[in-house]
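Peer 1: predicted model and sequence follow; I will ask about them next.
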Amino acid sequence: MGTVVVERITVVGVGLIGGSLALALKEAGAVCEVTGWDQDATHVKSALELGIVDKTAVNIGTAVGAADVVVLALPVRCLPEVALEVLQYMRSDAILTDTGSVKEAVVNGIEPAAVKANIAYVPGHPISGTEKSGPQAAFAQLYRGKRCILTPTDATPLAAVEVIAQLWRRAGSEVVLMDVRKHDRILAAISHLPHMIAYALVNSVSNYDEYAENILEYSAGGFLDFTRIASSDPVMWRDIAMDNRNAILEMLDQFEVFLAELKADIAALDAERLEQFFRQSKLSRDAIANSADTRIRGD
């Protein structure tokens, strides 16, 4: 347990992301009281029963009215709309933040209203998650050894950035500050593209009609591991694909170039180029894995 960063925090959206943050902050002693609110009443009930939140509210206005920090942990496409409602009820000295994995569209939708309301808004995105969703999927260790990217703009008060950064550090994350445009292009490469490929791969294999049976029944560990993220929330990924459209299309174009190269090498039975292709990928993947292991251990 450590010193308290803020007394009261309200988490709007008490599923995997919001619920895990609430649990992590409570476990670290960084907050005194967590209020939860969600459009799904069963999620609110579960979050209270599971000890994710300390209290709930009958409506969103009551939920955020006394909070020092309000966290919007919702699908990206509904963030601006919910933020506009939330800003009406927040204290003038409170801080609004979000966890959306697309930042440019979200910031453009929220920041003008926050500035008009004279409320500090700190855009954020924890680089962590699982394919599961809902309060039952939340756990306090989700953010440990992971990164959280904050994307403040010229309109973001530095003091508010430091408060949100402290909360994420207490949840176990390394905090990185980044420009919104850079964030969206990096995430298109390291997160959004892999999800698009995983969804496409599962659809491709499941629609393979050479044999009458469902060949997915023969899936082994490699296929299941690679496509695990295709079990993620379809609504969330629908929104991400639309809100980060340009960056995702750019990465899909790049992926198609390398896929075409691999296809050509296989067709040509070019053993040397194939080995070089696979070896370069292995070296890059091993370097990423080693870097992640080091970060988690704190070396």
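Peer 2: Received it, and whenever you're ready, just let me know what you need. Numbering: from 1, shown residues only.
Peer 1: quick one, helices of the stretch 101-250 of the chain?
Peer 2: All helices of the stretch 101-250 of the chain, identified by DSSP state H, counting those that start in this stretch, fall at 104-117, 158-170, 180-187, 193-206, 221-226, 234-243, 245-267.
Peer 1: which SS state does residue 66 fall under?
Peer 2: coil (DSSP: H, G, I helix; E, B strand; the rest coil).
Peer 1: tell me the contacts of it?
Peer 2: Residue 66 makes contacts with 8, 35, 91, as judged by Cβ atoms under 8 Å, 6 or more residues apart in numbering. (Glycine included, C-beta is placed from N, CA and C.)
Peer 1: could I get the helices of the stretch 101-250 of the chain as TSV with distance to residue 140 and mean pLDDT?
Peer 2: Putting the helices of the stretch 101-250 of the chain into TSV (distance: least, Cβ to Cβ, whole Å; pLDDT from 0 to 100) gives the following:
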stretch	distance to residue 140	mean pLDDT
helix 104-117	26	96
helix 158-170	11	98
helix 180-187	24	95
helix 193-206	25	92
helix 221-226	25	81
helix 234-243	22	91
helix 245-267	31	96
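Peer 1: what's the closest of those to residue 27?
Peer 2: Closest of the helices of the stretch 101-250 of the chain to residue 27 is helix 158-170, at 9.3 Å (criterion: Cβ to Cβ).
Peer 1: returning to that earlier point: who wins on neighbours among the contacts of residue 66?
Peer 2: Neighbour tally across the contacts of residue 66 (other Cβ atoms under 10 Å): the maximum, 23 neighbours, falls on residue 35.
Peer 1: just the CA atoms of the strand or helix carrying residue 81, as CSV, please.
Peer 2: Assessed by DSSP states H and E, residue 81 sits inside helix 79-87. C-alpha atoms of helix 79-87 as CSV (Å, rounded to 0.1, in the frame of the first residue of the first chain):
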residue,chain,number,x,y,z
LEU,A,79,-16.4,8.1,-26.0
PRO,A,80,-17.1,11.6,-27.3
GLU,A,81,-20.9,11.3,-26.8
VAL,A,82,-20.5,10.0,-23.2
ALA,A,83,-17.9,12.6,-22.5
LEU,A,84,-20.2,15.4,-23.5
GLU,A,85,-22.8,14.1,-21.0
VAL,A,86,-20.2,13.5,-18.2
LEU,A,87,-18.7,17.0,-18.6
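Peer 1: against which helices or strands is it packed?
Peer 2: helix 60-64, strand 69-72, strand 95-98, helix 104-117 (3 or more Cβ pairs under 8 Å, 6 or more residues apart in numbering; DSSP states H and E).
Peer 1: residues contacting residue 20?
Peer 2: Here residue 20 is in contact with 138-140, 142-143 (Cβ under 8 Å, 6+ apart).
Peer 1: please report how far it lies from residue 39.
Peer 2: Separation of residue 20 from residue 39 (Cβ to Cβ, to the nearest Å) stands at 19 Å.
Peer 1: hmm, back to that, and of the contacts of residue 66, the nearest to residue 182?
Peer 2: Looking across the contacts of residue 66 and measuring by Cβ to Cβ, the closest to residue 182 is residue 91, at 31.9 Å.
Peer 1: tell me the secondary structure for residue 7?
Peer 2: strand.
Peer 1: which non-adjacent residue is nearest it?
Peer 2: Nearest-residue entry for residue 7: residue 32, 4.8 Å, with adjacent residues in sequence omitted and distances by Cβ to Cβ, 6 or more residues apart in numbering.
Peer 1: can I assume that neighbour sits in a strand?
Peer 2: Yes - using three-state DSSP, the assignment for residue 32 is a strand.
Peer 1: doesn't residue 5 make contact with it?
Peer 2: No - taking contacts as Cβ atoms under 8 Å, residue 32 lies outside contact range of residue 5: 9.8 Å.
Peer 1: so which of those two has more stuff around it?
Peer 2: Neighbour tally, residue 32 and residue 5, criterion other Cβ under 10 Å: the higher count belongs to residue 5, 22 against 14.
Peer 1: what about that one, distance to residue 51?
Peer 2: 20 Å.
Peer 1: any chance of the helices of the stretch 101-250 of the chain in a markdown table with distance to residue 78 and mean neighbour count as columns?
Peer 2: Converted to a markdown table, the helices of the stretch 101-250 of the chain look like this (distance: least, Cβ to Cβ, whole Å; neighbours: other Cβ atoms under 10 Å):
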| stretch | distance to residue 78 | mean neighbour count |
| --- | --- | --- |
| helix 104-117 | 10 | 18 |
| helix 158-170 | 21 | 18 |
| helix 180-187 | 18 | 19 |
| helix 193-206 | 19 | 16 |
| helix 221-226 | 30 | 11 |
| helix 234-243 | 8 | 18 |
| helix 245-267 | 17 | 13 |
